[in-house]
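A.B. asks: Next one to model:
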Amino acid sequence: NYLKIYQKVFLYKMNKMLYSRHKQRKKKPERARTAKTQNTSLAFFEKNRRTNMEQTSKTPWGTTEGLYDPSFEHDNCGIGAIVNIKGTKTHQTVEDALKIVENLEHRAGKDAEGKTGDGVGILLQISHPFFSGVCKELGYDIGDERDYGIGMFFLPQNETDRRMSMKMFEIIAKKEGVTVLGWRMVPVTPGILGSKALDCMPCIMQCFVKRPEDVERGLEFDRKLYVARRVFEQSNDNTYVVSFSSRTIVYKGMFLVEQLRQFFMDLQDPDYESAIATVHSRFSTNTNPSWERSHPNRFIVHNGEINTILGNSDKMSAREENMESPKLKKEFQKVLPVINAAGSDSAMLDNALEFLVMSGMELPLAVMIMIPEPWANNSIMTQKKKDFYQYYATMMEPWDGPASIVFSDGDLVGAVLDRNGLRPSRYYVTDDDYLILSSEVGVLEIDPTKIVKKDRLRPGKMLLVDTVAGKIIDDDELKERYADKQ
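C.D. replies: Residues are numbered from 1 along each chain as shown. You can find the predicted model right below:
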């Protein structure tokens, strides 16, 4: 009965509406548009379109302009790594890494002129023979290996602004308990760059700081440098700190793949030796390239995108009220906020990973809980490992891609594919103790008789090389070890 009533009411209203329209048409017939009316309408539309396109507004991610919104930026890139498993440092490792990135040209974006790239970079171990030599020429002694840290800075080109930023950093470093030994202008060849890269090129300098006697080498010293860097970053808005560590250093910029080697003279020096190198060629699918957004970041290189980034960054911000760290103690508030909202999705992932490591979590564990394997409905996974993932799921939500990540702290080098498994990564192990990994095979010419293993990363699985222990640790061994811990 109710249905019949509703039907009658509906038909009554429809008939009433149709009758009303019929009367209006009869009374006032629609006239054809004149050319003048059409021109007026088009002019009005064009005026509104231009007004909308010219509207800009500031967001945490950058400046919106028309339909462009930097908060939706993602990229799709080429990654590579080469590591001597035994930790033997040579210049050949640097040379081979540069060859890898040069062979990833098809995974590197460039402008319409073909002269400016979206970004290329390399992360290396700090080469003590090289830097001790160049610093002696500058008139100061940096001490023994890992007794000093190196900051790579993108400073303003304006001399007054540059000197102010350098002075501010020196004051903050002293306040945070580290002494600045000196600055070095990084030798570069800007003449090879395209006009777009040259127009926004920063002044690139390195700062050397001394390790305090009461601070241990390695992670503890890097933690001290992390705090100093975060304080400086929040006090300065015209300088970007590319890297600041006693173990690793990053060279990067808006280059074409072959320009990385040509631009930085340090990379051409045969005295520069490293056992570890990770490289990245950026392909910005819908982003504006910049010197700062080139990879590597301070821990990772990343192929793909983090599609859960807004939720991840919001939840990290929400946790800040309740987080604490026995390693950072009274300095904890100095490093907040953890996430730099002006960074790309890759940079935010790197921010969170760096924070977890500096707070006392081991690097492989931090990567595991941020990029977990699919465990909830995995019938072949051990209950012990499921319990491990379930425990950490209460503290950290997955940073889901598709994403392939290579990470390094200068002692460990690892790679992980997120649980979606949509970004390829393959690797070779050779009989002379090298592991070569990249987005695809063929990036480095290798004698087939020297290859002892060929494999690929699988969804949620991790590959880890410990150059201190001199061995490869596979996924099962690594995760069972952490799952066994209380």
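A.B. asks: Give me the nearest residue to Pro212, chain neighbours excluded.
C.D. replies: Gly177 (5.6 Å; Cβ to Cβ, 6 or more residues apart in numbering). In short, each C-beta sits where N, CA and C put it, glycine included.
A.B. asks: Then that neighbour would be within a helix, right?
C.D. replies: No. Counting by DSSP: H, G, I helix; E, B strand; the rest coil, Gly177 falls outside a helix, being coil.
A.B. asks: Can you give me the neighbour number for Glu477?
C.D. replies: For Glu477, the neighbour count with other Cβ atoms under 10 Å is 10.
A.B. asks: Go through the helix or strand harbouring it and flag the buried ones.
C.D. replies: Using DSSP states H and E, Glu477 maps to helix 475-484. Within helix 475-484, the residues that count as buried by 16 or more other Cβ atoms under 10 Å are 475, 478-479, 483.
A.B. asks: re the thing from before, which residues does the residue nearest to Pro212 contact?
C.D. replies: Contacts of Gly177 were listed using Cβ atoms under 8 Å, 6 or more residues apart in numbering, and they are 212, 215, 224.
A.B. asks: Asp271 too?
C.D. replies: Asp271 neighbours (Cβ under 8 Å, 6+ apart): 91, 127, 129-130, 133.
A.B. asks: Asp345 against Ile306, yeah?
C.D. replies: Yes. Between Asp345 and Ile306 there is a contact under Cβ atoms under 8 Å: 4.1 Å.
A.B. asks: State the three-state secondary structure for the nearest residue to Pro398 once chain neighbours are set aside.
C.D. replies: Closest residue in space to Pro398, ignoring its immediate chain neighbours: Pro372 at 5.6 Å, by Cβ to Cβ, 6+ apart. Pro372 falls in the coil class when you classify it by three-state DSSP.
A.B. asks: Can you report how many residues lie near Pro372?
C.D. replies: Pro372, neighbours per other Cβ under 10 Å, totals 23.
A.B. asks: cool, and Ile309?
C.D. replies: Residues near Ile309, counting by other Cβ under 10 Å: 22.
A.B. asks: For it, which non-adjacent residue is closest in space?
C.D. replies: Here the residue nearest Ile309, using Cβ to Cβ, 6+ apart, is Asp345, at 4.3 Å.
A.B. asks: How about Ser313?
C.D. replies: Ile339 is the one closest to Ser313 (Cβ to Cβ, 6+ apart), at 4.7 Å.
A.B. asks: which other residues reach whichever strand or helix holds Val452?
C.D. replies: Per DSSP H and E, Val452 falls inside strand 451-456. Under the criterion Cβ under 8 Å, 6+ apart, residues 424-431 lie in contact with strand 451-456.
A.B. asks: From the contacts of Asp271, which land in strands?
C.D. replies: With strands defined by DSSP state E, no entry of the contacts of Asp271 lies inside them.
A.B. asks: which of these count as buried?
C.D. replies: Buried, going by 16+ other Cβ under 10 Å: 91, 127, 130, out of these.
A.B. asks: Of these, just say which sits nearest to Lys334.
C.D. replies: Ser127 (30.3 Å; Cβ to Cβ).
A.B. asks: coming back round to it: how about the residue nearest to Pro398, what does it touch?
C.D. replies: 389, 392-393, 398, 419, 460.
A.B. asks: can you check Lys99 too?
C.D. replies: Here Lys99 is in contact with 443-444 (criterion: Cβ under 8 Å, 6+ apart).
A.B. asks: switch the cut-off to 7 Å
C.D. replies: Neighbouring residues of Lys99 by Cβ atoms under 7 Å, 6 or more residues apart in numbering: Leu444.
A.B. asks: Same question for the one 5 residues further on.
C.D. replies: Remark: with contacts taken as Cβ under 7 Å, 6+ apart, Leu104 is in contact with 78, 80, 257, 281, 439, 443.
A.B. asks: Give me the pLDDT value at the fourth one.
C.D. replies: With respect to pLDDT, Ser281 scores 92.
A.B. asks: Look at it and say how many residues are nearby.
C.D. replies: Neighbour number of Ser281 under other Cβ under 10 Å is 32.
A.B. asks: wait, isn't it in contact with Val257?
C.D. replies: Yes. Counting by Cβ atoms under 7 Å, Ser281 touches Val257, with 5.4 Å between them.
A.B. asks: Quick one: end-to-end distance for stretch 197-217.
C.D. replies: End-to-end span of stretch 197-217 (Cα to Cα, to the nearest Å): 37 Å.
A.B. asks: Quick one: the strands in the stretch 201-350 of the chain, in order.
C.D. replies: 203-210, 240-245, 248-253, 276-281, 300-304 (DSSP state E, counting those that start in this stretch).
A.B. asks: Now find how far off-centre the second one is within its chain.
C.D. replies: Using Cα atoms, centre = their mean, to the nearest Å, the distance from the centre of strand 240-245 to the centre of the chain it belongs to is 13 Å.
A.B. asks: next one: the longest one
C.D. replies: Here the centre of mass of C-alpha atoms in strand 203-210, compared against the chain's by Cα atoms, centre = their mean, lies 21 Å away.
A.B. asks: then it to CSV, C-alphas only?
C.D. replies: Taking C-alpha atoms only, strand 203-210 is exported to CSV below (Å, rounded to 0.1, in the frame of the first residue of the first chain):
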residue,chain,number,x,y,z
CYS,A,203,76.3,27.0,-4.2
ILE,A,204,77.5,23.5,-3.2
MET,A,205,79.8,23.4,-0.2
GLN,A,206,81.0,20.8,2.3
CYS,A,207,81.4,21.4,6.0
PHE,A,208,83.7,19.3,8.2
VAL,A,209,82.9,18.8,11.9
LYS,A,210,84.9,17.1,14.6
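A.B. asks: shift numbering so it begins at 551
C.D. replies: I'll keep to 551 as the first residue from here, and by that count the last item is strand 753-760.
A.B. asks: I'd like to check the angle between it and strand 790-795, please.
C.D. replies: 30 degrees (axes from the mean of the first three to the mean of the last three Cα atoms, to 10 degrees).
A.B. asks: could I get the contacts of strand 1001-1006 as a markdown table with pLDDT and neighbour count?
C.D. replies: Output for those, formatted as a markdown table (pLDDT from 0 to 100; neighbours: other Cβ atoms under 10 Å):
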| residue | pLDDT | neighbour count |
| --- | --- | --- |
| Pro974 | 86 | 14 |
| Ser975 | 91 | 24 |
| Arg976 | 94 | 16 |
| Tyr977 | 96 | 21 |
| Tyr978 | 96 | 20 |
| Val979 | 97 | 19 |
| Thr980 | 97 | 16 |
| Asp981 | 96 | 11 |
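A.B. asks: one step back: so the residue nearest to Ser863 versus Gln675, what's the distance?
C.D. replies: Distance of Ile889 to Gln675, given as Cβ to Cβ, to the nearest Å: 27 Å.
A.B. asks: One more: Gly693?
C.D. replies: 17 Å.
A.B. asks: Compare those two (neighbour count), which wins?
C.D. replies: Gln675 (24 against 14).
A.B. asks: roughly how far apart are the more buried one and Leu775?
C.D. replies: On the measure of Cβ to Cβ, Gln675 and Leu775 end up 16 Å apart.
A.B. asks: ok, back up a step: contact partners of the helix holding Glu1027?
C.D. replies: 914-915, 918, 934-935, 938, 1011-1012, 1014.
A.B. asks: Tabulate these (JSON lines), appending pLDDT, secondary structure and neighbour count.
C.D. replies: Formatted as JSON lines, those follow (pLDDT from 0 to 100; DSSP: H, G, I helix; E, B strand; the rest coil; neighbours: other Cβ atoms under 10 Å):
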{"residue": "Pro914", "pLDDT": "97", "secondary structure": "helix", "neighbour count": "20"}
{"residue": "Leu915", "pLDDT": "97", "secondary structure": "helix", "neighbour count": "18"}
{"residue": "Met918", "pLDDT": "95", "secondary structure": "helix", "neighbour count": "25"}
{"residue": "Lys934", "pLDDT": "92", "secondary structure": "helix", "neighbour count": "11"}
{"residue": "Lys935", "pLDDT": "93", "secondary structure": "helix", "neighbour count": "18"}
{"residue": "Phe938", "pLDDT": "94", "secondary structure": "helix", "neighbour count": "23"}
{"residue": "Lys1011", "pLDDT": "91", "secondary structure": "coil", "neighbour count": "18"}
{"residue": "Met1012", "pLDDT": "95", "secondary structure": "strand", "neighbour count": "23"}
{"residue": "Leu1014", "pLDDT": "97", "secondary structure": "strand", "neighbour count": "20"}
